[in-house]
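>>> quick check, what structure comes out for this input:
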Amino acid sequence: MLKTVEDISSTKKRLKIEIPTEDIEKKIKDTLEKVRQKAKIPGFRPGKTPMNIIEKHFGKSAEAEAIEKIIPEFYEKALKEAGIVPVTQPALDGGINFQRNSPLSLALTVEILPKIENLDYKNIAVKDVQVTVTDSDIEASLKRLQEGKATYELADKETEEEDLITVDYEIKHDDQAMSAKDQVLKIGVEGLPKEISESLKGKKAGDVVEVETQFPEDFHVKALAGKKAAVKNIIKAVKKKNLPAMDDELAKDMGFENMESLRTGIKEEIENAKKNQVMKVQRDEILKKLVNAHDFDVPEAMLEKELSAMLAEIKASKKAGDKNDDALRAELKPEAIKTAKALVLLSTIGEKEGITVTDDEVKAKVIDISQRLSMPPESLMKIYIQKDGSLDGLRNSIYGQKVLDLLLSRATTEKGE
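Numbers count the residues shown, from 1 in each chain. The predicted structure follows:
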């Protein structure tokens, strides 16, 4: 049962709990009885062994199992009694000092969401931007569709921009060599050193092209990154690009009746994309104003989680430079605090407004994302589970989006660009 609740800070409390002797003893006896039903003791049938013999053999393990089960039960009861919703797992202060036939006293520290004074989230002003779709927007989109339907055919010609070529290559650097056959390259593609791209222009099948180049430090082949090398390419085939005509046949190939209906569809798609972008900017604006308008402490565990995620991201992007972890943490901390405050605000507002996320909404989101990424929903779910241990990360993302949509529906608008 709950004895006391001690305020350590606005986001941390210590619960002192006492578990009565009779509850512990009942749990131990129940555990021992289950053991007796399965235990194979010489001279006795399962379930018929005297309890004193069972306790002699299995008493200590039964005590440990009983304590392991009963502490979470009384912890949950204490949380309800205190009216506390923790944001982290509890930390046990002082360990477990258990003696048979005695009550068990525990001290548990938990982190909670802070109480936000004068919470105000209605009628937040956002900029309203008028969305327009220009002819150049439509033409650019049509051009991308046309490029996506391009085909390539063998050609007896000199290479030029955007041709595909098949090459055998050999690269030598620092007394080392690497080679490959039948590699397909696109003339003018980004990612290759300029000297190589330029050397391949104006050549024909059968030509041998040799050039020296310096590979960039971030080149995708690690063995070549930052290396000066001699590159030899033997051109084996040249393929030229053929673009389909911009006509009704292209429209039908895209699932439309004719070019007019394709243009209409493209216009609607671009318009929706721009509107979604405006709404994203507005949501960001709302969140920024909310964070700036409310001052409160954030739970240490939430802050640490955000800091760790940001630190891992900056190190993965290789933008950390020579800074050590402590220096990076100090630099990232202000932004991590803002992110944690935003999460606290969204959680608090969502609870106040009764916002929930159903399993069907999570499934729909998984299907939507998997379709956009062209991957099976099961594979996407595995990625989330490997990252967060469950789908809670995705569920929380949907929850935050629903809260922001509610806030946007109640916002006031002013003219913007």
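>>> show me the strands in the stretch 51-200 of the chain, by range?
91-93, 104-111, 125-128, 151-154, 164-173, 176-186 (DSSP state E, counting those that start in this stretch).
>>> can you give the distance from the first one to the centre of its chain?
Computed by Cα atoms, centre = their mean, to the nearest Å, the separation of strand 91-93 from the middle of its chain amounts to 30 Å.
>>> list the strands paired with it, with their directions.
Strand 91-93 sits in its sheet next to strand 104-111 (antiparallel), going by DSSP bridges.
>>> picking up where we left off before, adding distance to residue 407, write the strands of the stretch 51-200 of the chain out as JSON lines.
Where you see a C-beta, it was placed from the backbone N, CA and C, and this is true even at glycine. Shown next, in JSON lines, are the strands of the stretch 51-200 of the chain (distance: least, Cβ to Cβ, whole Å):
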{"stretch": "strand 91-93", "distance to residue 407": "34"}
{"stretch": "strand 104-111", "distance to residue 407": "26"}
{"stretch": "strand 125-128", "distance to residue 407": "9"}
{"stretch": "strand 151-154", "distance to residue 407": "49"}
{"stretch": "strand 164-173", "distance to residue 407": "50"}
{"stretch": "strand 176-186", "distance to residue 407": "46"}
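>>> now these in a markdown table, with distance to residue 218, mean neighbour count and mean pLDDT?
Shown next, in a markdown table, are the strands of the stretch 51-200 of the chain (distance: least, Cβ to Cβ, whole Å; neighbours: other Cβ atoms under 10 Å; pLDDT from 0 to 100):
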| stretch | distance to residue 218 | mean neighbour count | mean pLDDT |
| --- | --- | --- | --- |
| strand 91-93 | 43 | 13 | 89 |
| strand 104-111 | 40 | 19 | 92 |
| strand 125-128 | 37 | 15 | 90 |
| strand 151-154 | 29 | 12 | 93 |
| strand 164-173 | 17 | 18 | 93 |
| strand 176-186 | 19 | 13 | 91 |
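>>> so which of those strands comes closest to residue 328?
Distance to residue 328, taken as Cβ to Cβ, is lowest for strand 104-111 among these, at 23.9 Å.
>>> so which of the strands of the stretch 51-200 of the chain is nearest residue 237?
Checking the strands of the stretch 51-200 of the chain against residue 237 by Cβ to Cβ gives strand 164-173 as the closest, at 4.2 Å.
>>> and residue 296, helix, strand or coil?
Assigned state for residue 296: coil (three-state reduction, DSSP: H, G, I helix; E, B strand; the rest coil).
>>> who touches it in this structure?
10, 114, 115, 116, 117, 341, 344 (Cβ atoms under 8 Å, 6 or more residues apart in numbering).
>>> just read off the phi/psi values of it.
phi -160, psi 160 (degrees, to the nearest 10).
>>> domain assignment for the protein?
Domain assignment for the chain by automatic domain parsing gives 2-111, 151-242, 257-415.
>>> redo the ones you listed as CSV? Include distance to residue 127.
What follows is the domains of the chain, written out as CSV (distance: least, Cβ to Cβ, whole Å):
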stretch, distance to residue 127
domain 2-111, 33
domain 151-242, 35
domain 257-415, 6
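>>> so which of these is nearest residue 132?
Across the domains of the chain, residue 132 has its closest neighbour in domain 257-415 (8.1 Å, Cβ to Cβ).
>>> distance from the chain centre to that closest one, please.
In this view, domain 257-415 has its centroid 9 Å away from the chain centroid, taken as Cα atoms, centre = their mean.
>>> tell me the pLDDT of the most far-flung residue of the chain relative to its centre.
Centroid-distance maximum for the chain: residue 43 at 58.7 Å, with Cα atoms, centre = their mean. The model reports residue 43 with a pLDDT of 83.
>>> three-state assignment of it?
Secondary structure state of residue 43, per three-state DSSP, is coil.
>>> before we move on, back to that, so which of the domains of the chain comes closest to residue 136?
Of all these, domain 257-415 sits nearest to residue 136, with 10.8 Å by Cβ to Cβ.
>>> now the terminal residues of the closest one, how far apart.
Counting by Cα to Cα, to the nearest Å, you get 39 Å between the two ends of domain 257-415.
>>> for the chain, what's the longest helix?
Counting residues, the longest helix in the chain under DSSP state H turns out to be helix 259-293.
>>> could you point out the helix or strand that follows it?
Scanning forward in sequence from helix 259-293 by DSSP states H and E, the next helix or strand is helix 300-316.
>>> how about residues contacting that following helix?
11-12, 87-88, 111, 320, 325, 328-329, 332-333, 335-337, 339-340, 343-344.
>>> measure the residue farthest from the centre of the chain to residue 347 for me?
Residue 43 sits 60 Å away from residue 347 when distances are taken as Cβ to Cβ, to the nearest Å.
>>> mind checking the longest strand of this structure?
Assignment by DSSP state E gives strand 228-242 as the longest strand of the chain.
>>> averaged pLDDT, it. What do you get?
The model assigns strand 228-242 a mean pLDDT of 94.
>>> look up the closest residue to residue 63, ignoring the ones flanking it.
Excluding its sequence neighbours, the residue lying closest to residue 63 (Cβ to Cβ, 6 or more residues apart in numbering) is residue 28, at 5.7 Å.
>>> okay, now residue 34: neighbour count?
Counted with other Cβ atoms under 10 Å, residues neighbouring residue 34 total 12.
>>> same check on the one 5 residues further on?
The local packing count at residue 39 equals 16, with neighbours defined by other Cβ under 10 Å.
>>> tell me the confidence at it?
On the pLDDT scale, residue 39 is placed at 84.
>>> ok, now residue 175?
81.
>>> please apply the same query to residue 408.
94.
>>> just checking, it touches residue 284?
No - if you go by Cβ atoms under 8 Å, residue 408 and residue 284 don't touch, sitting 10.6 Å apart.
>>> and those two? Which one has more around it.
Neighbours per residue (other Cβ under 10 Å) separate residue 408 from residue 284, with residue 408 holding more: 16 against 12.
>>> which strand or helix spans that one?
Residue-wise, residue 408 maps onto helix 392-409 under DSSP H and E.
>>> and that helix with helix 259-293, angle?
Interaxial angle, helix 392-409 versus helix 259-293 (axes from the mean of the first three to the mean of the last three Cα atoms, to 10 degrees): 90 degrees.
>>> how about residues contacting whichever helix or strand comes after helix 392-409?
Per DSSP H and E, the first helix or strand lying C-terminal to helix 392-409 is strand 412-415. Outside strand 412-415, the residues within contact range by Cβ under 8 Å, 6+ apart are 123, 124, 125, 126, 127, 128.
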